[in-house]
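[1] here is a sequence with its predicted model. Questions after.
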Amino acid sequence: QVQLVESGGGLVQAGGSLRLSCAASGRTFSSSVMGWFRQAPGKEREFVAAINWNGGSTYKTDSVKGRFTISRDNAKNTVYLQMNSLKPEDAAVYYCALKWGGLASLYSAYDYWGQGTQVTVSS
């Protein structure tokens, strides 16, 4: 069993920054693919970014390229999402997720999910 716990969400002004963290416990974290997704009210959950087991490969959705960075620290069983130049449209509940195998952007490909952390961006 895997447990994922997100933290770092909050209220920030447009143009500001936040760093989300997701701490994992349970089965081997260091061999997993980690992803970040977000869901705004009334919208479907959407892919944000993913990172492979050693951090050597990442994949991000176009709307966050140049602003968000995904990284991981396997010694701490933690994955991060550094979010810069935040926009009101980035506001959502952000979820981390875990899978094994290759990078993926489909939420159905992920096996475990955290409870989410709220990000609010004021204009």
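    Cool, the structure landed. Residues are numbered from 1 along each chain as shown.
[2] low-confidence stretches in this protein?
    Counting by pLDDT under 70, the ranges of the chain that qualify are 27.
[3] so the residue most central in space within the chain: helix, strand or coil?
    For the chain, the residue nearest the mean C-alpha position is Trp36 (2.4 Å; C-alpha atoms, centre = their mean). Put simply, Trp36 is strand when judged by DSSP: H, G, I helix; E, B strand; the rest coil.
[4] residues contacting the closest residue to it other than its chain neighbours?
    Nearest non-adjacent residue to Trp36, counting by C-beta to C-beta, 6 or more residues apart in numbering: Val48, 4.3 Å away. No exception for glycine: its C-beta is placed from N, CA and C like everyone else's. Going by C-beta atoms under 8 Å, 6 or more residues apart in numbering, Val48 touches Gly35, Trp36, Phe37, Arg38, Lys60, Thr61, Val64, Phe68, Leu81, Tyr94.
[5] show residues contacting stretch 85-95.
    For stretch 85-95, using C-beta under 8 Å, 6+ apart, the contacting residues are 6, 9, 12, 14-18, 20, 36-40, 43, 45, 48, 63-64, 67, 81, 83, 113-123.
[6] go with 7 Å
    6, 9, 12, 14-18, 20, 36-40, 67, 83, 113-114, 116-121, 123 (C-beta atoms under 7 Å, 6 or more residues apart in numbering).
[7] hey, where'd the strands end up in the chain?
    2-7, 10-13, 18-26, 33-39, 46-51, 58-60, 68-73, 78-83, 92-99, 112-113, 117-122 (DSSP state E).
[8] what residues sit buried inside the fourth one?
    Right, the one you point to is strand 33-39. Val33, Met34, Gly35, Trp36, Phe37, Arg38 (16 or more other C-beta atoms under 10 Å).
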